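Enquirer: All I have is the shape, not the residue letters:
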RNA sequence: GUGAGUGUAGCUCAAUGGUAGAGCGCCGGACUGUGGCUCCGGAUGUUGCGGGUUCAAUCCCCGUCACUCACCCCA
């Protein structure tokens, strides 16, 4: 037996309904907000992520599935979608074609990490991106889309957290302020924090080591060090969230791990996910498009982890419901007609089951019962002779015999969600 | 990459240094034209894999793989 690869999973029939539900809501919400779906390849040139995601990030340094293909090119399985979306936007000059470059995509990403609750090596994201709009109104609308998406999935107790990480003008100054505030106490922090102090001081705020918290809590808050433009932008984003009536928490500790973020960052946190608790996260990236060789266009977007959303979905969501009808052949001579009947019902739009192997009527009915079907349609020799069928409702046990050409009419009345 | 815990039937789990059992599920029958309830019968395991200790290992030891959780990182 050859098993699946570590960190990958099979999504089985018992779970697929929940996935389809999440994907359907995602596509639906995006369409209502004016987003166009795009699908980009799962393989890209390694450079795209080195330049886009950032050479210094863990994702690029140690988590990419990268290889040399037969032509000698360095290829990688995409670890995130944003650089691909930027590439597609630039490569096809989409800003010429679209009134607004509002795009979304749904698909698998790959990172070589140790699997954990809500974290897999192949995982799936909804990726939402907007190019060319710097107005804080779009920040507000993107966040509103994210909140609406999570709400429409009926995910309870999700929390919206926002922050501004500033821009190229003010962030270096703030980093320096942080280092200065830490000063001689830096060695008191954990090893990771000391490493962060030299690579990206803001990320000290990500630290979860309990002993470090008092010192970190005392650090100067980013809000007080934003430049005027960034501060105004952030205030406007907050104003828009208030227009929409969304609850949010400002956390100066929300500093995201990717290099390209500027100004607005946000996350929606789930409640039952364990350590990997971000349902979705994103932010503004005003220099990424240019950095990847495109025109100087701002961008903003987020990625939502579908595994995590499926995990947080209420239990009853996405159950596909029982089939409409189970055709039971009573007697050896009725099988051919029973199969034609089942075929006709299927063509008429009803979810129809029928047994195989010419098993006894008893065992067919046991299967019908086990299949949780709503009703049996019994075709026996008596019915065959009179061109009728017997319909038995499983729940009540009520049954009646009616002419065969009235069956579809009967089912149309009694089945839900059928279009004829 | 680091740490901890766990791997026994399809599922949930027992068991003992002497080559494994229950419940649920599954299949059949009682009930040959009526499912669910009940009763009766039946099938299924290289005890994750490899090695070691031992007369003998599912149990003890080592390795490995997988899963789970946490670190790291992030969706």
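Expert: Yep, it's here. Please read all numbers here as calculations on a predicted model, not as lab measurements.

Enquirer: CA only for contacts and neighbour counts going forward, please
Expert: Noted.

Enquirer: longest single helix anywhere in chain A?
Expert: Ranked by residue count and defined by DSSP state H, the top helix of chain A is helix A:13-32.

Enquirer: Run through the neighbouring helices and strands of that one.
Expert: Using 3 or more Cα pairs under 8 Å, 6 or more residues apart in numbering; DSSP states H and E, the elements in contact with helix A:13-32 are helix A:136-152, helix A:306-312.

Enquirer: which one of those lies closest to RNA strand B?
Expert: Go through the helices and strands packed on helix A:13-32 one by one with Cα to the nearest atom of the strand and the one that ends up closest to RNA strand B is helix A:306-312, at 5.9 Å.

Enquirer: could you point out where the stretch 1-150 of chain A is predicted with low confidence?
Expert: Within the stretch 1-150 of chain A, no stretch falls below the threshold (pLDDT under 70).

Enquirer: Report the contact partners of the closest residue to RNA strand B within it.
Expert: Scanning the stretch 1-150 of chain A for the residue nearest RNA strand B gives residue A:117, at 3.1 Å (criterion: Cα to the nearest atom of the strand). The neighbourhood of residue A:117, defined by Cα atoms under 8 Å, 6 or more residues apart in numbering, consists of A:273-276.

Enquirer: rerun at 10 Å
Expert: Remark: with contacts taken as Cα atoms under 10 Å, 6 or more residues apart in numbering, residue A:117 is in contact with A:273-277, A:307-308, A:311.

Enquirer: quick revisit: may I see the helices and strands packed on helix A:13-32 arranged in a markdown table, with distance to residue A:91 and mean neighbour count as well?
Expert: Conversion of the helices and strands packed on helix A:13-32 to a markdown table gives the following (distance: least, Cα to Cα, whole Å; neighbours: other Cα atoms under 10 Å):
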| stretch | distance to residue A:91 | mean neighbour count |
| --- | --- | --- |
| helix A:136-152 | 23 | 20 |
| helix A:306-312 | 28 | 22 |
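
Enquirer: Would you mind putting those helices into CSV with distance to RNA strand B alongside?
Expert: What follows is those, written out as CSV (distance: least, Cα to the nearest atom of the strand, whole Å):
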stretch, distance to RNA strand B
helix A:136-152, 11
helix A:306-312, 6
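
Enquirer: Select, out of these, the one closest to residue A:261.
Expert: When the helices and strands packed on helix A:13-32 are compared by Cα to Cα, helix A:136-152 sits nearest residue A:261, at 13.0 Å.

Enquirer: Which other helices and strands does the closest one contact?
Expert: Applying 3 or more Cα pairs under 10 Å, 6 or more residues apart in numbering; DSSP states H and E, one finds that helix A:136-152 makes contact with helix A:13-32, strand A:122-131, strand A:159-164, helix A:228-244, strand A:262-269, strand A:278-284, strand A:299-305.

Enquirer: circling back to that earlier point, how about the helices and strands packed on helix A:13-32 in a markdown table, adding distance to residue A:81?
Expert: Shown next, in a markdown table, are those (distance: least, Cα to Cα, whole Å):
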| stretch | distance to residue A:81 |
| --- | --- |
| helix A:136-152 | 17 |
| helix A:306-312 | 14 |
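
Enquirer: Could you give the secondary structure assignment for residue A:323?
Expert: coil (DSSP: H, G, I helix; E, B strand; the rest coil).

Enquirer: What is the burial count for it?
Expert: Taking other Cα atoms under 10 Å as the neighbour definition, residue A:323 ends up with a count of 17.

Enquirer: what's near enough to touch it?
Expert: Neighbouring residues of residue A:323 by Cα under 10 Å, 6+ apart: A:350-353, A:368, A:371-375, A:415.

Enquirer: I'd like the distance between it and residue A:353.
Expert: 7 Å (Cα to Cα, to the nearest Å).

Enquirer: can you check residue A:79 too?
Expert: If you measure residue A:79 against residue A:353 using Cα to Cα, the figure is 42 Å.

Enquirer: Please say which of these two ends up with more neighbours.
Expert: Neighbours around residue A:79 and residue A:353, counted as other Cα under 10 Å, are more numerous at residue A:79. The numbers are 26 against 23.

Enquirer: Is that one in a helix, a strand, or coil?
Expert: Relying on three-state DSSP, one would call residue A:79 coil.

Enquirer: can you check the one 5 residues further on too?
Expert: Here residue A:84 is helix, with the state taken from three-state DSSP.

Enquirer: what's the nearest residue to it if we skip its chain neighbours?
Expert: Sequence neighbours aside, residue A:40 is the residue nearest to residue A:84 in space, at 6.7 Å (criterion: Cα to Cα, 6 or more residues apart in numbering).

Enquirer: try residue A:369
Expert: By the measure of Cα to Cα, 6+ apart, the closest residue to residue A:369 outside its immediate chain neighbours is residue A:394, 7.4 Å from it.

Enquirer: Get me the contact residues on the stretch 101-250 of chain A for RNA strand B.
Expert: By the rule Cα under 7 Å from any atom of the strand, the part of the stretch 101-250 of chain A lying against RNA strand B is A:111, A:113-121, A:123-125, A:192, A:196, A:206-209.

Enquirer: Can you select the buried ones among those for me in ChimeraX?
Expert: In ChimeraX, this line selects whichever of those come out buried by 16 or more other Cα atoms under 10 Å:
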select /A:111,113,118,119,120,121,123,124,125,196,207
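
Enquirer: so of the residues of the stretch 101-250 of chain A next to RNA strand B, which ones are in strands?
Expert: A:123-125 (DSSP state E).

Enquirer: Go ahead and flag the most central residue of chain A.
Expert: Here the mean C-alpha position of chain A is nearest to the C-alpha of residue A:306 (Cα atoms, centre = their mean), at a distance of 3.0 Å.
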